[in-house]
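> Structural data only, the sequence is not supplied:
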């Protein structure tokens, strides 16, 4: 209910993906610039490699990479499949 009427940008990513690393600064900037107009960025961490499934690794990288929007951890790919 808190998201009703908002524009939701869902970003599927993994912290070792070079494409996401290049996009991340823009996601952060858009989230800040347009939050007053209803934009909400939600990250979905969808690991490709086994070590990316470790929640401690994900937490460390979220902090290190400055990800300041909510992140769902989708280690089993269920959210990914839901968007397919």
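Alright, I've got the coordinates. In this text the structure is predicted, and so the values were computed from the model without any measurement. Numbering: from 1, shown residues only.
> ok, so what distance separates the closest residue to residue 5 other than its chain neighbours from residue 9?
Using C-beta to C-beta, 6 or more residues apart in numbering and skipping residues adjacent in sequence, the residue nearest residue 5 is residue 38, 6.6 Å away. Yep, even glycine has a C-beta here, placed from its N, CA and C like the rest. Using C-beta to C-beta, to the nearest Å, residue 38 is found at 11 Å from residue 9.
> what do you get for residue 76?
Between residue 76 and residue 9 the distance is 23 Å, computed by C-beta to C-beta.
> And for residue 47?
Note on residue 47: its distance to residue 9, by C-beta to C-beta, is 20 Å.
> Those two: who's more crowded?
Set residue 47 next to residue 9 and count neighbours by other C-beta atoms under 10 Å: residue 47 wins out with 21 against 15.
> what's the more buried one sitting at in phi/psi?
With angles defined as degrees, to the nearest 10, residue 47 sits at phi -60, psi 140.
> got a list of what it touches?
Going by C-beta atoms under 8 Å, 6 or more residues apart in numbering, residue 47 touches 14, 53, 58, 74-75.
> Restrict those residues to the buried ones and give me that as a PyMOL selection.
Buried members of these, defined by 16 or more other C-beta atoms under 10 Å, are picked up in PyMOL with:
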select buried, resi 14+53+58+74
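> can you list the residues that contact the host helix or strand of residue 28?
Here residue 28 sits within helix 18-34, counting by DSSP states H and E. With C-beta under 8 Å, 6+ apart as the test, helix 18-34 has contacts from 7, 9, 11, 13-14, 39-41, 43, 65-69.
> Please identify the pairing partners of the next helix or strand along the chain from that helix and their relative orientation?
Once helix 18-34 ends, the next helix or strand along the chain (criterion: DSSP H and E) is strand 39-45. According to DSSP bridges, strand 39-45 forms sheet pairs with strand 7-13 (parallel), strand 71-73 (parallel).
> now those in CSV, with mean pLDDT and distance to residue 84?
Formatted as CSV, these follow (pLDDT from 0 to 100; distance: least, C-beta to C-beta, whole Å):
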stretch, mean pLDDT, distance to residue 84
strand 7-13, 96, 11
strand 71-73, 97, 16
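> Dump those strands into CSV; add distance to residue 21 as well.
Shown next, in CSV, are the strands paired with strand 39-45 (distance: least, C-beta to C-beta, whole Å):
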stretch, distance to residue 21
strand 7-13, 9
strand 71-73, 15
